[in-house]
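Colleague: Next input, structure requested:
(2 chains)
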Amino acid sequence: MGMTITEKILASHADLPRVEPGELVECRVDMLFANDITAPLAIQQFERIGVDRVFDPDRVAFVLDHYSPSKDIASAEQCRITREFVRKHRLPHFYDVGRAGIAHVLLAEEGFVAPGELFVGADSHTCNHGALGAFATGVGSSDLAAAMATGRLWFRVPHTLRFVFRGTLPRWVTGKDLVLRVIGDIGVDGARYAAMEFAGPVLQQLSMDERFSVTNMAVEAGAKNGIMEPDEAVLDWVRRRARRPFQPVYSDPDATYAAVYEYDVTDMQPVVSAPPSPANVVPVTEVAGVRVDQCFIGTCTNGRIEDLRQAARVLAGRRVHPDVRLLVIPATPRIWRQALEEGLLQVFLDAGAAVSTPTCGPCIGGHMGVLADGEVCVSTSSRNFIGRMGHRGSKVYLSNAAVAAAAAVAGKLVHPDEVVREPAAV
Amino acid sequence: MPIRGRAHKVGDHIDTDLIIAGRYLVTTDPAQLAAHLFEDLDPELRHRIRPGDVLVAGENFGQGSSREHAPLALVGAGVAAVVAASYARIFYRNAFNNGLLLLECPEASRTVQDGDELEIDPHTGEIRNLTRGQVYRARPVPPFMQELARAGGIIPYVRRRLGLEAS
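Modeller: Reported below is the predicted structural model:
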């Protein structure tokens, strides 16, 4: 019997010829990271272990992205703990204000993840990196500390659910819409403890940026990891960035899947997750007309250059509705610069949007756009739980970047065609 | 030592944002985190929880972010154990790593009512509902997780493995 890509990566990192779902294995970790929220606790736990050094300084990264630039004294102290640890241990891969971006986007961009590798991060959206054909999963700070000390971590081999996308993607339907639709179908625990393997010819129609949006949200269905087999586009993308030689891995044709879900995307339209669950997925037309107070384009899910281009396509020559605040947060300094060079920032500023330095801020109701009681936000982020972006009485609709931009112009949820169809006011 | 305390019921899919909101993740101190436990779910709930009490939840408890502050906030509030129909995977690991006992028991999750007096044997997984005179049996904790729990979580476990602590 063959193995899935996930099983193969876990087997090779456990130095086993094969593994079975349900089996507990201890694996070598190729790379690990923590952010400014999870690092201080990981550092505290690492120091409790009592080893002198991290297992390999070249395989450890720290990225200050959540409450950075620090929003208050308490968050500044958390960042300081991380900075001091980095200096003490002379860790080379540290990203602080100005050079920091949202970790998942930044670390992929910087070539820290490659096909066939095993990556853990003290951040649940670490599953993001599965788009590169890597096994990547989020862990807590204590597990990260253990991996930091030993270079190893235990895993239960997940069963794999396979999602196959066929057909032709309609206009405005993106990778984000595909993953939201899947979560809507299987629920927030539909892939609990499982690997989600995304496949099918539609993946080739997705840009690399859109593929990351798909694997990024695997955790919203409860999955351990999301993964795609690395095609030529992935290998080409990674070859230009990878810091180490790598060996791509593919699922065997006779691999065992716990379930296979088939989708034809041809008749899809853009969808949103209505509050308060990522699984409340409906076509945007079903909630059209809902008034919005804030729109947010950014995050590890949708803060990449392709997202900013989609938003700019909607916003070009148009103005943000007077009753709406639009926040645009490019995920990394490189994306920020690219958006500047492509003239996208000009489009956003002309439209009346606020463009911020990279940060996770608004997505976790931390800073840079916290919602008041009763306010509604259309957000390109990944979670719309109660109180996620601010007051427990606020509401968040999750969408792709074009839908969020269209809502910003219209002042309400609409299909992007409703906005773009209108002649642009110059 | 059996656990004996009052049950506090919460629903399905309680996420880590509801356990401890993102805005409070600027400390790792369990007592400070406990001061905001379940604030966005029910601002009064944390005031009803007494040390030694038991949280009884539905499906997929602890979904969402990897914040270990969630089990720390529960520990800080004195929650002695969580009984749920099922758990989200990162939370499950984090709880064991912080010495928080988790039991998986769909029957107890369905049957126990808010305020019931429970007695739990952590070794056998037997949950006695003293208020209703019922006994539920939790699914056995996987052997490796038992080993982790006996060690006191992943940190002492790793210390032993590295020979830094006597086993």
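Colleague: drop to CA atoms for contacts and neighbour counts, all remaining ones
Modeller: Will do.
Colleague: what does the stretch 101-250 of chain A have sitting close to chain B?
Modeller: Within the stretch 101-250 of chain A, the positions adjacent to chain B are A:122-125, A:138-143, A:145-146, A:188-189, A:192-193, A:219-220, A:222, A:224 by C-alpha under 8 Å from any C-alpha of the partner chain.
Colleague: For the residue nearest to A:Leu106 when sequence neighbours are not counted, give me the pLDDT.
Modeller: Excluding the flanking residues, the one nearest A:Leu106 by C-alpha to C-alpha, 6 or more residues apart in numbering or on different chains is A:Thr332, at 6.0 Å. pLDDT, A:Thr332: 98.
Colleague: Indicate each strand paired with whichever helix or strand A:Phe33 is part of and its parallel or antiparallel sense.
Modeller: Per DSSP states H and E: A:Phe33 is located in strand A:31-35. Applying DSSP bridges to the sheet, strand A:31-35 is found paired with strand A:60-63 (parallel), strand A:118-122 (parallel).
Colleague: roughly how far is the shortest one from the heart of the chain?
Modeller: A distance of 17 Å separates the centroid of the chain from that of strand A:60-63, by C-alpha atoms, centre = their mean, to the nearest Å.
Colleague: What's the mean pLDDT across it?
Modeller: Here strand A:60-63 scores 98 as its mean pLDDT.
Colleague: before we move on, the earlier item: packed most tightly, which of the strands paired with strand A:31-35 would that be?
Modeller: The highest mean neighbour count among the strands paired with strand A:31-35, using mean count of other C-alpha atoms under 10 Å in any protein chain shown, belongs to strand A:118-122: a mean of 27.
Colleague: if we can go back for a sec, chain center to the strand holding A:Phe33: distance?
Modeller: That offset, for strand A:31-35, works out to 15 Å (C-alpha atoms, centre = their mean).
Colleague: can you dump the C-alpha coordinates of it into PDB?
Modeller: Presented in PDB, the C-alpha positions along strand A:31-35 are these (Å, rounded to 0.1, in the frame of the first residue of the first chain):
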ATOM      1  CA  MET A  31      13.000  24.500  10.700                       C
ATOM      2  CA  LEU A  32      11.000  26.100  13.500                       C
ATOM      3  CA  PHE A  33       9.900  29.500  14.500                       C
ATOM      4  CA  ALA A  34       7.900  31.500  17.100                       C
ATOM      5  CA  ASN A  35       6.400  35.000  17.100                       C
END
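Colleague: Counting neighbours, which bits of it end up buried?
Modeller: Neighbour-count burial for strand A:31-35 flags A:31-35 (criterion: 16 or more other C-alpha atoms under 10 Å in any protein chain shown).
Colleague: What of stretch A:186-199?
Modeller: Those would be A:187-199, for stretch A:186-199 by 16+ other C-alpha under 10 Å.
Colleague: mind checking the end-to-end distance for it?
Modeller: Length of stretch A:186-199, first residue to last, C-alpha to C-alpha, to the nearest Å: 17 Å.
Colleague: any idea how far A:Ile305 is from A:Gly22?
Modeller: Taking C-alpha to C-alpha, one finds A:Gly22 at 39 Å from A:Ile305.
Colleague: What are the phi and psi values at A:Ala279?
Modeller: phi -90, psi 0 (degrees, to the nearest 10).
Colleague: Hmm, it is touching A:Gly222, no?
Modeller: No - in this structure A:Ala279 lies outside contact range of A:Gly222 using C-alpha atoms under 8 Å: 11.1 Å.
Colleague: what is in contact with the two at once?
Modeller: A:Val188 (C-alpha atoms under 8 Å, 6 or more residues apart in numbering or on different chains).
Colleague: List of residues touching the helix or strand of chain B with the lowest mean pLDDT?
Modeller: When each helix and strand of chain B is scored by mean pLDDT, DSSP states H and E, helix B:143-151 comes last, with a mean of 87. Contacts to helix B:143-151, defined as C-alpha under 8 Å, 6+ apart, come from residues B:96-97, B:99, B:154, B:157.
Colleague: Could you identify the helix or strand that succeeds it?
Modeller: Counting by DSSP H and E, what follows helix B:143-151 is helix B:154-161.
Colleague: Not counting its neighbours along the chain, what's nearest the residue in the stretch 251-400 of chain A positioned nearest to chain B?
Modeller: Relative to chain B, the nearest point of the stretch 251-400 of chain A is A:Gly366 (4.9 Å; C-alpha to the nearest C-alpha). Nearest non-adjacent residue to A:Gly366, counting by C-alpha to C-alpha, 6+ apart: B:Arg23, 4.9 Å away.
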